[in-house]
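3D model of this:
(chains A and B)
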Amino acid sequence: MPRIVFAPAIQRHVPSPVHDVDASTVGAALGLAFAALPALRGYILDDQGRLRLHLAVFVDGIAIHDRHRLSDPVGTTSEIYVVQALSGG
Amino acid sequence: MKDRLLVATRKGLFILHRLGDGHWQPTPTQFMGEPVTAVLADLRDDTLYAALNLGHFGVKLWRSRDGGQEWEACAVPLYPPQPAAGTPPPVPDQPPPAPWSLQQIWVLEAGGADEPGVLWAGTLPGGLFRSADGADSWALNRALWDRPERSRWFGGGYDTPGIHSICVDPRGSRHLTLAVSCGGVWQTFDGGLDWVCTTTGMHADYMPPERRDDSAIQDPHRLAQCMGQPEAMWVQHHNGIFRSIDGGHHWHEVHAGPSSFGFAVAAHPQQPDTAWFVPAVKDECRIPVDARLVVTRTRDGGRSFEVLSDGLPPVPAYDLVYRHGLAVDDSGERLAMGSTTGGLWISENGGDQWQCVSARLPPIYCVRFG
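Below you'll find the model as predicted:
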């Protein structure tokens, strides 16, 4: 089952434990994490449901391509890392 | 007089209380390290609100019901889904229109005394939001958002347009006057159902001549209203200082030395002819004129201005005071001023003398009594 990990900078605002999520895309994985932690959504996505400008998501070490619809696939053993981009200051 | 001062900075919220000996005592800093872009003390129910703009994680809004000791997260304004069909195609060589996504809460204001729980939020990229329940929820004012003139708004101070000033008429809460950088001065008389842009008399010399008087591109840096005589309004505009004595329907320019350029204005709460400004060199330079930080005050409706500097730092001083960096309390005697280089000053006598509370705060975005 894919695993989703939120960087420590996010934990500072919303404690977010590692989630094992039954999902096949980044968007579905995040959706399951948000279902468990509704307050987390606004920290990760903007008003239109897009990945915030100064965040990055990696799947097995590769930055995702679709920051709008979050359609990048994840495998059954994938690790998804949600981290802050240094561009955010 | 108000004995509590809220200071919103690039690195947290500072709350100061005035002691009996006249000194201002800070309480433990709230939101340390986080940019606090707007703050409000809602005196109707003694609730504090602080808007944060986290660099990575977006805009957040917090409130405190115990004077700032304990805070709880509340709802932030959310823009509705952006219709793909209604999005105009990109114009070559022009910046794309801003996405419908909250970038910053630039100003928070309480509704009228007859509207408990009503809050207004002015935001980047230009949406006005209303809460009817003390920030448990928000709704975008679509009547203003959908005005066709909004397509002519553009960023001033930021990449996208923003609402930075909201004046709720003390005679009737359904009358709002707000200011947009850069998008003019807008008024509603029916609680936000209909809007009219009221900038007659303003001019924008930064535009091509044929657009100089265009109402929807004016850049009022800050709008202030005399609460005792609400027909009297002041605007520190990009092109100078403008005053209205008919509720903003008509404006006339007044001239102040050493400069009519600046960002902040504070209007006396009872005396319609009195207002304060913080002059700077226009327009690219944006430092105090001759590196001398002063406050200007008019007490005759803008016919003349006094230059006040007693207690302000000696030359050279490069403090710039942003739109919300100057405030007056309900007495009209106590003022606070906070600068981009972290200077905080208070006057107890209408600006005649100032005391430096701190010269080393983080960059100050907003000061408010309450």
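
residue B:275: what's it in contact with?
Contact partners of residue B:275, counting by CB atoms under 8 Å, 6 or more residues apart in numbering or on different chains, are B:224, B:234, B:243, B:265-268, B:297-298, B:302. For the C-beta atoms, the positions are set from N, CA and C on the backbone; glycine is no exception.

want to throw those into JSON lines with pLDDT?
Formatted as JSON lines, the contacts of residue B:275 follow (pLDDT from 0 to 100):
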{"residue": "B:224", "pLDDT": "98"}
{"residue": "B:234", "pLDDT": "98"}
{"residue": "B:243", "pLDDT": "98"}
{"residue": "B:265", "pLDDT": "98"}
{"residue": "B:266", "pLDDT": "98"}
{"residue": "B:267", "pLDDT": "98"}
{"residue": "B:268", "pLDDT": "98"}
{"residue": "B:297", "pLDDT": "98"}
{"residue": "B:298", "pLDDT": "98"}
{"residue": "B:302", "pLDDT": "98"}
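
neighbour-wise, which of these leads?
The residue in those with the most neighbours, by other CB atoms under 10 Å in any protein chain shown, is residue B:234 (29 neighbours).

any idea how far residue B:350 is from the residue lying closest to residue B:232 once chain neighbours are set aside?
Distances taken as CB to CB, 6 or more residues apart in numbering or on different chains place residue B:272 nearest to residue B:232, at 3.3 Å, with adjacent residues excluded. Noted for residue B:272: a distance of 15 Å to residue B:350, by CB to CB, to the nearest Å.

also residue B:38?
Taking CB to CB, one finds residue B:38 at 26 Å from residue B:350.

more neighbours, these two?
Neighbour count, other CB under 10 Å: between residue B:38 and residue B:350, residue B:38 has more, with 26 against 21.

which bits of the stretch 101-250 of chain B sit near chain A?
For the stretch 101-250 of chain B, the contact set with chain A under CB under 8 Å from any CB of the partner chain comprises B:101-102.

work out for me the element whatever residue of the stretch 101-250 of chain B ends up closest to chain A sits within.
Distances between the stretch 101-250 of chain B and chain A by CB to the nearest CB are smallest at residue B:101, namely 4.1 Å. Using DSSP states H and E, residue B:101 maps to neither a helix nor a strand.

ok, now residue B:205?
Under the criterion DSSP H and E, no helix or strand holds residue B:205.

and it, what does it touch?
By CB under 8 Å, 6+ apart, the residues touching residue B:205 are B:212, B:239.

longest helix of chain A?
The helix that spans the most residues within chain A, counting by DSSP state H, is helix A:26-36.

the helix or strand following it: which residues count as buried?
As assigned by DSSP H and E, the chain's next helix or strand after helix A:26-36 is helix A:41-44. Residues of helix A:41-44 classed as buried: A:42-44 (neighbour count, 16 or more other CB atoms under 10 Å in any protein chain shown).

just stretch B:222-235 next, same as before
By 16+ other CB under 10 Å, the buried positions in stretch B:222-235 come out as B:222-227, B:229-230, B:232-235.

close to chain B: what parts of chain A are there?
Residues of chain A lying close to chain B by CB under 8 Å from any CB are A:9-10, A:13, A:39, A:42-44, A:46-48, A:50, A:52, A:54-55, A:84-85, A:88-89.

contacting residues around the residue of the stretch 201-350 of chain B found nearest chain A?
Per CB to the nearest CB, residue B:340 is where the stretch 201-350 of chain B lies closest to chain A, at 16.6 Å. Neighbour list for residue B:340: B:319-322, B:325, B:363-364 [criterion: CB under 8 Å, 6+ apart].

sorry, back to before: count the residues that sit near the residue of the stretch 101-250 of chain B closest to chain A.
Using other CB under 10 Å, residue B:101 has 22 other residues around it.

go on, the one 4 residues further on?
Counted with other CB under 10 Å, the neighbours of residue B:105 add up to 28.

what's the answer for residue B:214, then?
Per other CB under 10 Å, the neighbour tally for residue B:214 reads 18.

kindly provide the distance from it to residue B:124.
The separation that residue B:214 has from residue B:124, given CB to CB, amounts to 21 Å.

repeat that for residue B:275.
Look at residue B:275 and residue B:124: by CB to CB, they are 26 Å apart.

got a list of what the residue lying closest to residue B:353 once chain neighbours are set aside touches?
With sequence-adjacent residues excluded and distances taken as CB to CB, 6+ apart, residue B:353 is closest to residue B:310, at 4.6 Å. With contact set as CB under 8 Å, 6+ apart, residue B:310 has these partners: B:352-354.

try it again at 10 Å.
Shown in contact with residue B:310 (CB atoms under 10 Å, 6 or more residues apart in numbering or on different chains): B:294-295, B:347, B:349, B:351-355.

what does residue B:350 give?
B:268, B:271, B:274, B:276, B:295, B:297, B:299, B:306, B:308, B:328, B:331-335.

do that again at 6 Å, thanks
residue B:333 (CB atoms under 6 Å, 6 or more residues apart in numbering or on different chains).

wait, is it part of a helix?
No. Looking at residue B:350 with DSSP: H, G, I helix; E, B strand; the rest coil, it is coil, so not inside a helix.

for chain A, give me the ranges with low pLDDT.
Along chain A, segments meeting pLDDT under 70 span A:88-89.

try 80
Counting by pLDDT under 80, the low-confidence segments of chain A come to A:86-89.

mind listing the strands for it?
Here chain A has its strands, by DSSP state E, at A:3-6, A:19-20, A:55-59, A:62-63, A:79-84.

now those strands as JSON lines including mean neighbour count?
Listed next are those as JSON lines, based on neighbours: other CB atoms under 10 Å in any protein chain shown:
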{"stretch": "strand A:3-6", "mean neighbour count": "20"}
{"stretch": "strand A:19-20", "mean neighbour count": "16"}
{"stretch": "strand A:55-59", "mean neighbour count": "20"}
{"stretch": "strand A:62-63", "mean neighbour count": "12"}
{"stretch": "strand A:79-84", "mean neighbour count": "19"}
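
and of those strands, who's closest to residue B:113?
Ranking the strands of chain A by proximity to residue B:113 (CB to CB) places strand A:55-59 first, at 41.8 Å.

tell me what the closest one is packed against?
For strand A:55-59, the helices and strands in contact under the criterion 3 or more CB pairs under 6 Å, 6 or more residues apart in numbering or on different chains; DSSP states H and E are strand A:79-84.

which residues touch the strand it packs on?
Identification of contacts with strand A:79-84 by CB under 6 Å, 6+ apart yields A:3-7, A:9, A:29, A:56-59, B:56.

from those residues, pick the one nearest residue B:200.
Nearest to residue B:200 among the contacts of strand A:79-84: residue B:56, at 43.2 Å, using CB to CB.
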